[in-house]
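Enquirer: Sequence and predicted structure, then a few things I'm wondering about:
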Amino acid sequence: MSAFAGKVGLVVGVANKRSLSWAIAKGAADQGASLALTYQGERLEENVRELADGLADPLILPCDVTADAQMDSLFSEIDKKHGGLDFLVHGVAFADREDLARPFSETSREGFRLALDVSAYSLIALTRRAVPLMEKRGGGSVVTLTYLGSERVFTNYNVMGVAKAALESSVRYLASELGPKNIRVNAVSAGPIKTLAAAGISGFSSILQTYRDRAPLRRTVDASEVAEAALFLLGPAGRGVTAEVLMVDGGFHAMGV
Ligand code: NAP
């Protein structure tokens, strides 16, 4: 299958082989996509370069989504190399551990600002820079990753839940504005999966167990299932879908008592 043959994608948010963004990147590359991958800070450069070893001629560039100049140069490098962009994967989130641990009402002003900047505003900042490159290709597709904590309360998810609510709302506003340019914007809302980011949520194992007990499928989902849903939204099969938050959580979101 080569749904992504001749397509160019940017994937932001690969930290290691467990990253949901990496599962999406790998899936797109296996189906023919050329990729640009980013790393945040030198700490993760080697990880990303090692992972990308098996990809065909990837672009690997630094990108801290709080640094405008880095984002500018990222997109100008992609434009220089490929002359356009077909899809963007946004898999970035961050909140201060302290703000995830203390009572929500004690969220600090700076912690709130940081979580929303990195986890929600970054979608707007990256998409804005992707638009001119996608227009060169006659359109494009953007997918971000979110969690049900945007609309329900999960213990210790705290300010990240607020950031995910802002992220999902941003998906709808971006989709509305960019639809006339044939640019689609969607989110995949993944069930809990053990990754580096998930390690910051205390009590994560008990959340996993709750999903096993209560989700209609009576199990958690894995990164490959999230990736396949993202690839559907990114690729030609999803061409009629925009402004959507697609739940990939074994059905957990539908359950009441
Ligand atoms: P992950 O592997 O830790 O990925 C998160 C990525 O965000 C990391 O690469 C991280 O880099 C990056 N990041 C943080 N701050 C950044 C910044 N300022 N600039 C650029 N990148 C930055 O964890 P993941 O679980 O795959 O998370 C990917 C996305 O899926 C997140 O939006 C997360 O909320 C979402 N999600 C995860 C789950 C889950 O259970 N795992 C469920 C639903 C949704 P650093 O390591 O350097 O901080």
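Expert: Arrived safely.

Enquirer: going forward, measure contacts and count neighbours with C-alpha atoms only.
Expert: Fine.

Enquirer: quick one: the helices in the stretch 151-257 of the chain?
Expert: All helices of the stretch 151-257 of the chain, identified by DSSP state H, counting those that start in this stretch, fall at 158-178, 204-214, 223-234.

Enquirer: Turn those into a markdown table, including distance to Asp57 and mean neighbour count.
Expert: Putting the helices of the stretch 151-257 of the chain into a markdown table (distance: least, C-alpha to C-alpha, whole Å; neighbours: other C-alpha atoms under 10 Å) gives the following:
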| stretch | distance to Asp57 | mean neighbour count |
| --- | --- | --- |
| helix 158-178 | 30 | 21 |
| helix 204-214 | 37 | 16 |
| helix 223-234 | 20 | 21 |
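
Enquirer: Could you give the number of residues near Glu45?
Expert: 18 (other C-alpha atoms under 10 Å).

Enquirer: ok, the spatially closest residue to it that is not a sequence neighbour - contacts?
Expert: Among residues not flanking Glu45 along the chain, Tyr39 sits closest, at 5.6 Å (C-alpha to C-alpha, 6 or more residues apart in numbering). Tyr39 makes contacts with Val12, Gly13, Val14, Ala15, Glu45, Val48, Ile60, Leu61, Pro62, Cys63, Asp64, as judged by C-alpha atoms under 8 Å, 6 or more residues apart in numbering.

Enquirer: In the chain, what helix or strand scores lowest on average pLDDT?
Expert: Counting by mean pLDDT, DSSP states H and E, the chain has its least confident helix or strand at helix 97-101, which shows a mean of 89.

Enquirer: Can you list the buried residues in that one?
Expert: Asp99, Leu100, Ala101 (16 or more other C-alpha atoms under 10 Å).

Enquirer: so which of the residues you listed would you say is closest to the ligand?
Expert: Leu100 (12.8 Å; C-alpha to the nearest ligand atom).

Enquirer: quick one: that closest one from Trp22, how far?
Expert: 25 Å (C-alpha to C-alpha, to the nearest Å).

Enquirer: What of Ser141?
Expert: 17 Å.

Enquirer: try Thr38
Expert: Thr38 sits 11 Å away from Trp22, going by C-alpha to C-alpha.

Enquirer: Check Asp249 too.
Expert: Counting by C-alpha to C-alpha - Asp249 and Trp22 are separated by 19 Å.

Enquirer: ok, now Pro103?
Expert: Distance of Pro103 to Trp22, given as C-alpha to C-alpha: 32 Å.

Enquirer: which of these two has more neighbours?
Expert: A side-by-side neighbour count of Pro103 and Trp22, using other C-alpha under 10 Å, places Trp22 first with 26 against 12.

Enquirer: State the pLDDT value of that one.
Expert: pLDDT for Trp22: 98.

Enquirer: Count the residues that sit near the closest residue to it other than its chain neighbours.
Expert: Leaving out its chain neighbours, the residue that sits closest to Trp22 by C-alpha to C-alpha, 6+ apart is Val14, at 5.5 Å. Residues contacting Val14 under the criterion other C-alpha under 10 Å number 26.

Enquirer: The ligand contacts on the stretch 101-250 of the chain?
Expert: With C-alpha under 6 Å from any ligand atom as the criterion, the stretch 101-250 of the chain comes near the ligand at residues 118, 145-147, 189-198.

Enquirer: Scan the residues you listed and report the most crowded one.
Expert: That'd be Thr146 among these, by other C-alpha under 10 Å, with 28 neighbours.

Enquirer: where's Thr81, which helix or strand?
Expert: Quick fix: residue 81 reads Lys, not Thr. If you go by DSSP states H and E, Lys81 is part of helix 68-82.

Enquirer: Counting neighbours, which bits of that helix end up buried?
Expert: For helix 68-82, burial by neighbour count (16+ other C-alpha under 10 Å) applies to Met71, Leu74, Phe75, Ser76, Glu77, Ile78, Asp79, His82.

Enquirer: Could you tell me the model confidence score at the second one?
Expert: As summarised for this prediction, Leu74 has a pLDDT of 98.

Enquirer: cool, the fifth one as well?
Expert: At Glu77 the predicted local distance difference test score is 98.
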